[in-house]
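Asker: make a model of this:
(2 chains)
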Amino acid sequence: DTGVSQDPRHKITKRGQNVTFRCDPISEHNRLYWYRQTLGQGPEFLTYFQNEAQLEKSRLLSDRFSAERPKGSFSTLEIQRTEQGDSAMYLCASGHTEAFFGQGTRLTVV
Amino acid sequence: GQNIDQPTEMTATEGAIVQINCTYQTSGFNGLFWYQQHAGEAPTFLSYNVLDGLEEKGRFSSFLSRSKGYSYLLLKELQMKDSASYLCAVRDDQGGSYIPTFGRGTSLIVHP
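Answerer: Predicted structure coming up:
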């Protein structure tokens, strides 16, 4: 399977805990995006990488969120001190022109 | 940033044709995308328009008018499996980031 892969698919965590998600993009894609989606809404942009450089970060992203893409390959998104409002689907996408999405990580904060 | 508007919900009959509209406002247009998203699944790419006109791909076609800030997705010979959310996304070139911004999506319900 050469598509975008995300892990885990589902995560349930207690409020206040830290969580980390992983995204493996399509290998030849240098652009990588993280989005967040809640029910009934379109994907909301979080952050963007060109190779290993994080070039753009949404103003909506609080300091509790951090993302990395070491060596321009896989990427991780960490949320510290999770809150119930962080419950959402976290989508990773990679591409050149169009973005190809992974299956997402569904986070539930209880 | 962009302001993207599309209808919240549409219904149509199996076998019919439906047109889903999208209007947008952006200062540095660099392409418009349509995605399909079934419930609980990730968005899948349908089409990309950067120049004015109609792009046809099987039962799906997408139209763009840059001067009007307008696009539509046309679905022909509707099938039950076409029931999904259809997302319009606009990319602009501000700062050279080329980040697609998504609308809220149009939920299409196809009934027999």
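
Asker: ok, the residue of chain B found nearest chain A - contacts?
Answerer: Using CB to the nearest CB, the closest approach of chain B to chain A is made by residue B:102 at 3.6 Å. All C-beta atoms are positioned from the backbone trio N, CA, C, and that covers glycine. Residue B:102 sits next to A:35, A:42-45, B:4, B:35, B:87-89 when contact means CB atoms under 8 Å, 6 or more residues apart in numbering or on different chains.

Asker: which SS state does the spatially closest residue to it that is not a sequence neighbour fall under?
Answerer: Closest residue in space to residue B:102, ignoring its immediate chain neighbours: residue A:42 at 3.6 Å, by CB to CB, 6 or more residues apart in numbering or on different chains. Classification of residue A:42 by DSSP: H, G, I helix; E, B strand; the rest coil places it in coil.

Asker: of the contacts of residue B:102 - the most surrounded one?
Answerer: residue A:43 (30 neighbours; other CB atoms under 10 Å in any protein chain shown).

Asker: residues in contact with it?
Answerer: Contacts of residue A:43 by CB under 8 Å, 6+ apart are A:35-37, A:91, B:43, B:87, B:102.

Asker: need the pLDDT of the residue of chain B closest to chain A.
Answerer: We have a pLDDT of 96 for residue B:102.

Asker: next, find the distance separating it from residue B:60.
Answerer: 18 Å (CB to CB, to the nearest Å).

Asker: which of the contacts of residue A:43 sit farthest apart?
Answerer: A:36 and B:87 (14.2 Å; CB to CB).

Asker: which bits of chain A sit near chain B?
Answerer: A:31, A:33, A:35, A:40-45, A:48, A:55-56, A:91, A:97-104 (CB under 8 Å from any CB of the partner chain).

Asker: what subset of those residues is buried?
Answerer: By neighbour count, with 16 or more other CB atoms under 10 Å in any protein chain shown, the residues of chain A next to chain B hold A:31, A:33, A:35, A:42-45, A:48, A:56, A:91, A:98-104 as buried.

Asker: can you flag which of those belong to strands?
Answerer: Using DSSP state E, A:31, A:33, A:35, A:44-45, A:48, A:56, A:91, A:99-101 are the members of these that sit in strands.

Asker: my read: residue B:6 touches residue B:21, true?
Answerer: Yes: with contacts counted by CB atoms under 8 Å, residue B:6 reaches residue B:21, the gap being 6.5 Å.

Asker: of the two, which one has the most company?
Answerer: residue B:6 (22 against 15).

Asker: what residue in chain A comes nearest to chain B?
Answerer: Closest point on chain A to chain B, by CB to the nearest CB, is residue A:42, at 3.6 Å.

Asker: so who does the closest residue in space to residue A:11 that isn't next to it in sequence touch?
Answerer: Computed as CB to CB, 6+ apart, the closest residue to residue A:11 that is not its neighbour in sequence is residue A:107, at 5.1 Å. Residue A:107 sits next to A:11-13, A:19, A:21, A:79, A:82, A:86-90 when contact means CB under 8 Å, 6+ apart.
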